[in-house]
Structures are given as C-alpha cells and as structure tokens.
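[1] Fold the following.
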Amino acid sequence: MNDFIPQTTRLGSSTLDPTKHVNYTLGMVLGEDDFKQEFAYLSGRDKWLARDLLGYGTVCGLAVGKELANERLEIVVTPGVALTPQGQLVYVPKAQCAYLNEWLLLNKAKVSEKVTGSPPAALPLYVVLCYQECYTDNVPIPGEPCRTDQESFAASRIADDFKLEFRLDPPDQREEKGLRNFVAWLSHLEVSDSGVFPTIDQFLEAIRSASQTVTSPPDLSSPPEVGSPPEFPEGSPPAGIRLPAGQLSEYLRAAFRLWVTELRPRLEGQGCAIPPQEECLMLATLELTLAGDSLDQSWRVNDLGGIEIREEERPFLLHLRFLQEWLLNLSYFAFPGDTVVEEKSLNDSPAQAGISPHFSRADHTHGTPPEPDLQGDAQGKISANRVVALQGQAVTNDVPAEKQVLTFTGGNWKPADLPAPVLPDLGGDVEGKPSGNLITHLQKVPVKAENPQKGDVLTFNGEVWEPAPPAGVAGNFVSHNALDYRIVAAGIVGVDNVKPPVYNIAKVALLGNTSQVRFVLSPAAGYKRPDNQRTYIVKVLPVVKEGFQLTTITFFDFTDDGFILRVLDQGKPIQAGTFGQIQFMVEVSEYTVKAG
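    Numbers count the residues shown, from 1 in each chain. Alright, predicted model coming up:
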C-alpha cells in the first residue's frame with residue numbers, strides 16, 4: 001500500500017533476459033517480444049551500472065520532517081531524487097505527506113504486535129521509498145470483435161513512478177551496513193614508520209577472520225538467504241595490527257581488492273550482476289512514543305514531541321563533482337610516530353622545536369624526569385622541600401605554639417608570642433589613655449563642662465567654653481513662648497517661569513487643563529506636609545497684564561512637596577495658553593508648636 005499518495009496501477013513484468021539484446025538482420029520482422037527484449041537489455045544495463053558502480057541512496061532532497069496541520073500529525077517528505085538498491089532512479093516531484101495517527105489506527109493490529117510494555121511505549125517506524133511503474137496513455141489496439149472496452153485498449157506508455165510508505169520492519173540494507181563497518185574497521189588501523197608489520201597475506205587473513213568469511217572464493221551456487229547476511233567487521237581492528245606508513249597504499253589496495261573479489265559478492269547475497277531482492281530505500285526511522293490502550297489497540301502519538309526523526313542509517317550518494325572538490329581541499333595525511341623525546345632533568349639542554357614529520361598518539365608520554373634538589377631558602381626535593389630561610393635569614397626549627405608569630409630575634413626567625421601593645425597617652429585637645437580619654441580643649445581653648453544642666457549650650461565666656469543657658473536666639477524666624485514662626489519661601493514666579501531672585505521655590509506648573517497651578521518648594525525650605533505640630537500660611541497676589549478683568553486665586557490643597565492653587569478670571573477657568581501673562585507674588589510662612 002502507498003501511505004503518502006493513492007497507489008497507481010502496476011502491471012506484472014514479463015520474464016526478460018537483461019543480458020540479451022536483439023540481433024537484427026536484414027529482412028527480419030521485429031515483433032512485440034523483440035522490442036521488449038531490447039528495452040530490457042538497455043534498461044537492465046543502466047540499472048546494473050548504477051547499482052554496482054554507484055551504489056544506492058538519497059541523491060538530492062527527500063528530507064523527512066514532521067508538522068501539525070489542522071490538529072493532525074503529519075510526516076512530510078520533500079521533493080527529491082534517489083537511487084534504489086536495484087539501480088532504479090526514483091523522482092518525487094512534489095512534497096508528500098501522510099497522517100501518522102490515521103495510519104496507526106488502520107494498522108493497529110500489526111502495531112500491537114511490535115509494541116511491548118505499558119504506555120507510553122516506543123515504536124520504530126520506517127519511512128521507505130520504492131520505485132514503481134505506471135502504465136498510462138491507453139490507445140485502441142486491433143483484435144477480435146466482441147471484446148470489452150478494457151480488452152480493446154492498451155497502455156502505450158510506461159511512466160516512472162514512486163511509492164512512499166511506512167513499514168514496521170526496516171528494508172534490507174546489508175550492503176550499506178557492511179560497507180560502513182568495513183571502512184570504519186580500516187580507518188582504525190594503526191599506521192607507523194617503525195615496528196613489526198604483518199605481511200599483506202597476513203593482513204588479508206585478519207580481515208577475513210574479522211568478517212567471518214572463508215579464505216577461498218565464495219560458492220555462489222548456494223547464496224545465503226535474504227535477511228541473513230554475513231557478519232562484517234564492526235568496531236576496531238584487533239590490537240597488534242600495524243601497517244607500515246611507507247607501504248600503506250599497497251596494503252589498502254589489497255584490502256580494497258578483497259572487498260571487491262570476496263566480501264562484496266557475499267554481502268549482496270545473490271552474487272554479482274543480479275539485482276538484490278530489496279527494491280526499496282529507507283529514508284528515515286521514526287522513533288515514536290505511543291499512548292493508548294493495548295486492549296483495544298488504540299495507539300496514537302499525542303504531539304510532535306512524541307516523534308523523533310533519525311536519519312543515521314539512511315544511505316545517500318555524493319556526486320562526483322562534490323567528491324572531486326572534497327579531495328582537492330583535503331590536507332595531507334599525517335601518521336602518528338612511535339617515539340617521543342625522553343624528558344631530561346631541568347636545565348639540562350635548551351628548548352628545540354623538533355624536525356619529526358609525525359605527530360604522537362593521544363596516549364603518548366615523555367616520561368618523568370628526576371626530581372632536582374632545591375637550593376636556597378627552600379631546600380630538598382620538589383615533592384618534600386623545607387623553607388630553611390627567608391631571604392637568606394635562617395628560620396629555626398622551633399615548634400610554634402598556637403597564636404604565636406614568626407619573630408626575628410637573635411639573627412634568626414623563630415616563633416614567639418605576640419607582645420602586648422603599649423598604648424601612648426593622648427596629648428592636645430584630647431588627653432589621657434585611648435581607653436579613657438577626655439576632651440579638655442577645643443582648638444586649644446579650655447573646656448570646663450563638669451556640671452551641665454538641661455537646655456544649656458556650650459558658651460564661650462571670653463576665657464573658656466562652659467555650659468550656660470542660651471542668652472537669646474537670632475535667625476530667620478520669630479519665637480514667641482510656645483510658637484516658632486519663619487519664612488519658608490517667597491518670590492515672584494510664573495507658570496514654567498521660575499527665575500531669580502526666588503527663595504526656595506523650585507517649580508511652578510499647570511496641572512493639565514484644570515486652571516490648577518502646582519507650586520513645588522526646594523528641599524532647602526525644610527517643608528513638610530502640615531500636621532498637628534506644623535502649619536503654613538500662603539500669601540499670593542496676582543501680577544497680571546492688561547486683558548484680565550478680575551483674577552481670583554484660591555487655595556486648593558497642600559502636597560508632599562508644596563501646594564496647589566486654583567486661578568480664575570471673572571469666575572471662569574483661564575486658558576492654558578494665556579497663563580504666560582500671569583505671575584504670582586508668593587510668600588509662604590510656617591509656624592510650629594515648640595516641643596515641651
């Protein structure tokens with residue numbers, strides 16, 4: 001079945017010999033069989049040439065992806081070209097898609113046979129591309145009367161077509177697996193320019209042993225069954241196989257010859273020039289995380305996260321131009337050497353860059369040089385040295401006690417107790433010990449403050465500083481018994497026009513289109529919102545130009561940084577654009593209740 005597009009009609013092919021072609025002789029009448037045989041010969045040689053000289057795999061495009069379309073999980077294959085194991089070119093002209101969960105539902109019985117354990121369960125599903133023929137362009141054909149319409153017409157063309165499908169079992173790609181293992185096995189061989197090397201015959205026997213093939217030519221009369229290919233080398237060669245760098249090409253040439261003459265014929269299963277039974281090519285493996293019930297076999301994938309697309313085992317073909325450019329850009333091959341320069345003791349010889357063309361293996365070692373004896377303040381071996389001096393001054397071997405310090409005494413460094421500090425007497429304005437000093441002067445003027453009383457201030461009486469009641473206070477405020485009064489801010493200002501001389505007024509701004517003007521006082525004013533200890537008196541006079549008949553100013557509210565006034569002219573709000581013609585003569589005073 002075709003899981004991606006409707007399957008087209010495919011007719012069975014007649015048994016034709018692809019090794020024969022028509023030997024036309026003058027006067028010979030060619031019939032249907034002759035034309036079919038000639039086509040079979042030409043088409044067969046094309047397929048033979050492709051599969052035996054090129055191999056098989058994806059040639060261009062055919063990327064496999066996943067999408068969510070209309071809440072349905074889709075597997076999408078892009079347009080592209082591939083060459084099948086039988087040597088058939090397959091062309092997919094347009095992107096193809098298949099609904100994954102619908103396929104699982106249609107094949108739930110077969111899926112259940114592959115699923116083990118409880119959900120969520122893992123299931124590998126293979127996306128496979130096959131070649132198929134499509135008979136088309138029916139034309140009438142002569143024949144006997146009384147035939148049906150179907151018998152009166154026949155296809156005049158056979159179009160190349162394709163088939164994309166899901167499979168629960170992977171296609172037989174024995175040659176792809178064997179080829180990868182064989183090349184990987186060879187790539188792990190150790191190459192050296194010195195040592196003991198096997199002969200070429202011994203080397204080939206090692207390959208045969210690793211691939212479990214016979215040493216004599218294979219018996220093609222009884223080829224192995226499909227699905228049971230011979231085992232080929234997988235992993236690294238056995239230890240001890242080392243090839244000489246100078247004869248590497250000869251050994252590799254022998255290995256490639258063994259591949260062609262012995263290993264590949266067995267790998268193909270049916271011998272040379274015979275198409276393998278596998279017709280299809282694997283594009284990808286879908287690792288599915290299934291959810292559902294094993295009782296009713298209702299398997300499904302819940303979301304795109306339950307689909308992992310793996311393409312590691314997909315065969316693909318690089319065209320010759322690509323390989324040519326790749327080879328032209330490869331740097332020269334270097335092979336690891338077997339020796340490294342032995343490490344010597346320190347200061348034995350100067351550094352050298354070296355002239356060897358080889359690189360060392362990852363596990364190489366230079367050996368460990370002998371430990372030198374240290375001389376000077378630190379003496380002995382590097383791993384067990386002792387400090388015997390500090391810059392030439394000897395350090396004694398005395399065992400230190402806790403909290404002792406290294407002290408230089410008697411010409412040596414030795415551990416000793418930390419001496420108690422000797423604190424000097426203070427002199428000047430502050431006198432006495434640091435732990436119990438007194439301020440006796442202020443800039444050399446004596447201070448006599450033995451018995452201060454509440455409310456006293458330090459007062460200079462002409463000779464000394466002494467505590468005394470305040471004689472009087474002068475400043476920018478009025479004091480009267482329980483109240484203090486002061487000027488907080490003052491000035492003549494306008495909206496967005498605060499220019500000196502101004503006292504403690506930082507900003508004047510219009511609040512939107514409301515005829516309300518906000519006054520912001522400077523931090524130096526010491527202003528705080530009125531409370532039960534503090535209040536303010538705001539005095540404002542308008543300074544207006546001609547055109548204003550009757551301007552009135554009313555207080556609106558205090559803010560955290562000032563206050564707001566409402567300004568009207570003849571009882572109506574003033575337009576924002578005319579506020580530039582008005583200035584305000586402002587004085588803000590504060591009076592507070594004295595504490596106590």
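[2] which stretches of the stretch 51-200 of the chain form helices?
    Remark: helices of the stretch 51-200 of the chain, listed N- to C-terminal, are 100-106, 108-114, 149-152, 174-187, 200-211; assignment by DSSP state H, counting those that start in this stretch.
[3] same check, this time on the stretch 301-450 of the chain
    Ranges of helices in the stretch 301-450 of the chain, per DSSP H, counting those that start in this stretch, are 320-328.
[4] What segments of it are strands?
    Using DSSP state E, counting those that start in this stretch, the strands of the stretch 301-450 of the chain run over residues 307-310, 373-374, 378-381, 386-387, 389-390, 393-394, 405-409, 412-416, 430-431, 438-439, 441-442, 445-446.
[5] Over to the stretch 1-150 of the chain?
    Counting by DSSP E, counting those that start in this stretch, the stretch 1-150 of the chain forms strands over residues 57-61, 64-69, 72-77, 80-83, 89-92, 96-99, 121-140, given from the N-terminal end onward.
[6] I'd like those strands laid out as JSON lines, including mean pLDDT and mean neighbour count.
    Backbone N, C-alpha and C define where each C-beta goes, glycine included. Output for the strands of the stretch 1-150 of the chain, formatted as JSON lines (pLDDT from 0 to 100; neighbours: other Cβ atoms under 10 Å):
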{"stretch": "strand 57-61", "mean pLDDT": "93", "mean neighbour count": "17"}
{"stretch": "strand 64-69", "mean pLDDT": "92", "mean neighbour count": "14"}
{"stretch": "strand 72-77", "mean pLDDT": "94", "mean neighbour count": "19"}
{"stretch": "strand 80-83", "mean pLDDT": "94", "mean neighbour count": "21"}
{"stretch": "strand 89-92", "mean pLDDT": "93", "mean neighbour count": "18"}
{"stretch": "strand 96-99", "mean pLDDT": "94", "mean neighbour count": "18"}
{"stretch": "strand 121-140", "mean pLDDT": "88", "mean neighbour count": "17"}
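[7] of all those strands, which lies closest to N504?
    strand 64-69 (68.7 Å; Cβ to Cβ).
[8] which helices and strands sit right next to that closest one?
    Here strand 64-69 is seen to pack against strand 72-77, strand 307-310 when contacts are counted using 3 or more Cβ pairs under 8 Å, 6 or more residues apart in numbering; DSSP states H and E.
[9] What is the burial count for the nearest residue to E38 once chain neighbours are set aside?
    With Cβ to Cβ, 6 or more residues apart in numbering as the criterion, E38 has its nearest non-adjacent residue at 4.6 Å, and that residue is V22. Look at V22: counted by other Cβ atoms under 10 Å, it has 15 neighbours.
[10] what sits against V22?
    Counting by Cβ atoms under 8 Å, 6 or more residues apart in numbering, V22 touches L30, D34, Q37, E38, Y41.
[11] and what of I439?
    Under the criterion of Cβ under 8 Å, 6+ apart, the contact list for I439 reads D429, V430, V447.
[12] you'd agree the first one is up against T440?
    Read that as D429. Yes: here D429 lies in contact with T440, judged by Cβ atoms under 8 Å, at a distance of 6.7 Å.
[13] still on that earlier bit, please report phi then psi for the residue nearest to E38.
    Backbone torsions for V22, taken as degrees, to the nearest 10, come to phi -70, psi 130.
[14] Would you mind measuring from it to E32?
    Distance from V22 to E32, counting by Cβ to Cβ, to the nearest Å: 12 Å.
[15] Ok, L521 next?
    For L521, the distance to E32 (Cβ to Cβ) stands at 113 Å.
[16] Which one of those two is surrounded by more residues?
    More neighbours surround L521 than the other of L521 and E32, with 21 against 8 (other Cβ under 10 Å).
[17] quick one: which of the helices of the stretch 51-200 of the chain is nearest F322?
    Of all the helices of the stretch 51-200 of the chain, helix 174-187 sits nearest to F322, with 17.6 Å by Cβ to Cβ.
[18] can you put the contacts of V22 in CSV and add neighbour count and distance to P415?
    CSV is the format used below for the contacts of V22 (neighbours: other Cβ atoms under 10 Å; distance: Cβ to Cβ, whole Å):
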residue, neighbour count, distance to P415
L30, 11, 117
D34, 15, 115
Q37, 19, 109
E38, 16, 109
Y41, 17, 104
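[19] Any regions of the stretch 151-300 of the chain where pLDDT drops low?
    151, 212-236, 239-240, 268-271, 293-294 (pLDDT under 70).
[20] Please repeat the previous calculation with a cut-off of 90.
    Low-confidence segments of the stretch 151-300 of the chain, defined by pLDDT under 90, are located at 151-161, 172-197, 205-248, 259-279, 289-299.
[21] so where does F555 fall, helix or strand?
    Assigned by DSSP states H and E, F555 belongs to strand 551-559.
[22] Pull up the pairing partners for that strand, direction included.
    When sheet partners are counted by DSSP bridges, strand 551-559 sits next to strand 562-569 (antiparallel).
[23] gap between the next helix-or-strand element following the partner strand and the chain center?
    With elements assigned by DSSP H and E, the helix or strand that comes after strand 562-569 is strand 572-573. The offset between the C-alpha centroid of strand 572-573 and the centroid of the whole chain comes to 66 Å, using Cα atoms, centre = their mean, to the nearest Å.
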